[in-house]
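*Asks:* Got a sequence here, can you model it:
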Amino acid sequence: MTVSAIYDEAVAAEQSALVEMYELTLPAPIAQLFPELAIMRFCRAPNALGQPVVWKGNMFLPIPVEADGFGITTKGSLSRPTLTFANVDSLLTGLVNDLDDLIGVTVKRLRTFERFLD
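*Replies:* This next block holds a predicted model:
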């Protein structure tokens, strides 16, 4: 996947679906205690086969998530986006309770076109 391939897809008359994924990275002190949770990956929905999304060799767990407030501005304060995750099987309740309310977690929003998924 090259920048020109992404550009070509973005300006194509018929584009594949845009896929939004999220990476949550724990702060180093907590990541050392829970290495298996150091980077958690989520996406809004499973792929077309009903499986977790895989991109660049990383699996993104499908959990319904609502993202709001992303924006780009050259004036005033920065955007303050919010993420609201569905609490499927109490997964996030456990993470919030066990990992200090997820304070200090870095969140990355990743977007690509479906045709670039693994």
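*Asks:* Pro64 is in contact with Phe85, isn't it?
*Replies:* Yes. Between Pro64 and Phe85 there is a contact under C-beta atoms under 8 Å: 7.4 Å. C-beta: built from backbone N, CA, C; applies to glycine.
*Asks:* which of these two has more neighbours?
*Replies:* Using other C-beta atoms under 10 Å, the more surrounded residue of Pro64 and Phe85 is Phe85, with 17 against 13.
*Asks:* The more buried one: what's it in contact with?
*Replies:* By C-beta atoms under 8 Å, 6 or more residues apart in numbering, the contact set of Phe85 is Phe42, Ile63, Pro64, Val65, Leu92.
*Asks:* and the fourth one, how far is that from Glu9?
*Replies:* Meaning Val65. Shown here: Val65 relative to Glu9, a distance of 23 Å by C-beta to C-beta, to the nearest Å.
*Asks:* ditto for Met21
*Replies:* For Met21, the distance to Glu9 - C-beta to C-beta - is 17 Å.
*Asks:* between the two, which one's more packed in?
*Replies:* Looking at Met21 and Glu9 with other C-beta under 10 Å, you find the greater number of neighbours at Met21, namely 21 against 18.
*Asks:* The more buried one and Glu36: what is the separation?
*Replies:* Met21 is 19 Å from Glu36, by C-beta to C-beta.
*Asks:* Repeat that for Val53.
*Replies:* From Val53 across to Glu36, the span is 20 Å (C-beta to C-beta).
*Asks:* Compare neighbour counts for these two and give me the winner.
*Replies:* Val53 (24 against 7).
*Asks:* and the more buried one, bridged to which residues?
*Replies:* Phe60 (DSSP bridges).
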